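[1] quick one, fold the following:
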Amino acid sequence: MKDVKGRALQKLAAMRRMAAMRGAGPVDVLNFKKEPISATNSNLECGIAIRPGERAATVVAFSPSGHLLATSGADGVIRVFDTVRYKQQRALTTHMNWVMALAWSPDGGNLVSTSDDKSIVVWSTKTWEPLHTIQGNNSAVRCCCFSPDGASLIASSPDSSSALKVYDAKTWAVVEEMAGHGDMIRCAAFHPDGSMLATGADDNVVKVWHTSLWTLVRSLESRGHTAAVMCCAFNDAGTVLVSGSADKSVIVWDSHSWAPMQVRSRAANTDDPCELSVGSAVMDGVVGL
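    From the prediction side, this is the model:
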């Protein structure tokens with residue numbers, strides 16, 4: 001496990017930057033110090049703090065190139081910053097309510113936002129105009145992510161919060177719908193080779209799906225979380241899946257046996273379980289274990 005943690009930290013050090021949110025405060029862009037890092041000392045320091053708006057920023061995402069940082073949250077405004085001087089470049093204002101998730105396409109050509117207003121908006125990063133809007137009827141859209149090849153977009157359904165929809169990333173037509181969770185889906189993450197998708201939900205369960213036929217492979221319930229699963233991510237090698245929960249725990253799952261390799265818990269009085277999702281804001285998508 002130390003090797004996994006060490007590799008994650010070394011890769012983060014190479015990228016040199018990650019973003020973290022502090023409740024209603026600013027977004028901190030964190031730099032790694034020049035001193036050597038170890039599995040027990042990440043040597044992070046705050047390089048700059050940006051305040052995207054008057055209300056809390058709750059989602060952040062670096063572009064694949066690392067040149068842009070998108071933030072949003074309670075005010076529904078998506079703000080795009082350059083990552084040299086962290087000056088705001090754009091403010092995108094289509095959403096009418098809280099933005100719940102942001103995802104860049106692998107080629108950086110599109111930015112997708114999902115919202116409490118029951119919509120999914122696909123933005124062109126050339127014009128910063130909406131290319132397509134998917135409007136649902138019943139549910140806020142809590143999560144979204146692109147497949148590694150950029151061919152598909154996964155998002156929680158705007159018609160049922162416990163279902164997922166698969167969209168063709170060229171036509172934005174629905175090509176598949178999956179229902180398997182018993183409550184609201186909070187997170188989704190692809191395996192690096194695109195063969196599997198992991199999801200987590202308010203039913204406390206992590207589920208793993210095959211993407212060839214979009215069939216359920218495994219429900220990770222035994223020795224799993226006892227509260228909502230807030231975030232999940234595979235490591236770059238695809239050998240482990242990490243999930244973070246409102247029960248203040250992080251579980252590292254072996255992606256072959258699906259047995260929990262390690263469970264790490266925080267004190268019960270930790271301020272916010274969503275602290276566990278800070279890894280989603282790292283430039284290359286690595287979760288710092």
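[2] where does Val252 sit, in terms of helix or strand?
    Remark: Val252 resides in strand 249-254, with elements defined by DSSP states H and E.
[3] pairing partners for that strand, with directions?
    Applying DSSP bridges, strand 249-254 is found paired with strand 240-245 (antiparallel), strand 260-265 (antiparallel).
[4] save those as a markdown table, and put in mean neighbour count, distance to Val77 and mean pLDDT too.
    Where you see a C-beta, it was placed from the backbone N, CA and C, and this is true even at glycine. Compiled in a markdown table, the strands paired with strand 249-254 are given as follows (neighbours: other Cβ atoms under 10 Å; distance: least, Cβ to Cβ, whole Å; pLDDT from 0 to 100):
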| stretch | mean neighbour count | distance to Val77 | mean pLDDT |
| --- | --- | --- | --- |
| strand 240-245 | 26 | 26 | 92 |
| strand 260-265 | 14 | 35 | 85 |
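[5] residues contacting Thr93?
    Counting by Cβ atoms under 8 Å, 6 or more residues apart in numbering, Thr93 touches Gly76, Val77, Ile78.
[6] any idea how far the residue lying closest to the last one once chain neighbours are set aside lies from Val206?
    Once flanking residues are discounted, Ile78 sits nearest to Leu92: 4.0 Å by Cβ to Cβ, 6 or more residues apart in numbering. Leu92 sits 32 Å away from Val206 when distances are taken as Cβ to Cβ, to the nearest Å.
[7] ok, those two, which is more surrounded?
    Taking other Cβ atoms under 10 Å, Leu92 and Val206 do not tie; Val206 has more neighbours (26 against 20).
[8] re earlier: show me which positions of the strand holding Val252 end up buried.
    Ser249, Val250, Ile251, Val252, Trp253 (16 or more other Cβ atoms under 10 Å).
[9] do stretch 127-147 as well
    Buried positions in stretch 127-147, judged by neighbour count with 16+ other Cβ under 10 Å: Leu131, Ile134, Gly136, Ser139, Ala140, Val141, Arg142, Cys143, Cys144, Cys145, Phe146, Ser147.
[10] what mean pLDDT would you report for that stretch?
    Per-region confidence: stretch 127-147 scores 90 on mean pLDDT.
[11] now do the end-to-end distance for it.
    23 Å (Cα to Cα, to the nearest Å).
[12] again with stretch 185-199
    Taking Cα to Cα, stretch 185-199 runs 7 Å from one end to the other.
[13] gap between that stretch and the chain center?
    In terms of Cα atoms, centre = their mean, to the nearest Å, the centre of stretch 185-199 is set 10 Å apart from its chain centre.
[14] what do you get for stretch 223-235?
    Between the centre of stretch 223-235 and the centre of its chain there are 12 Å (Cα atoms, centre = their mean).
[15] which stretches in the stretch 101-250 of the chain count as strands?
    Along the stretch 101-250 of the chain, counting by DSSP state E, counting those that start in this stretch, strands occupy 110-115, 119-124, 130-135, 144-146, 152-156, 163-168, 174-179, 185-190, 196-201, 206-210, 215-220, 229-234, 240-245, 249-254.
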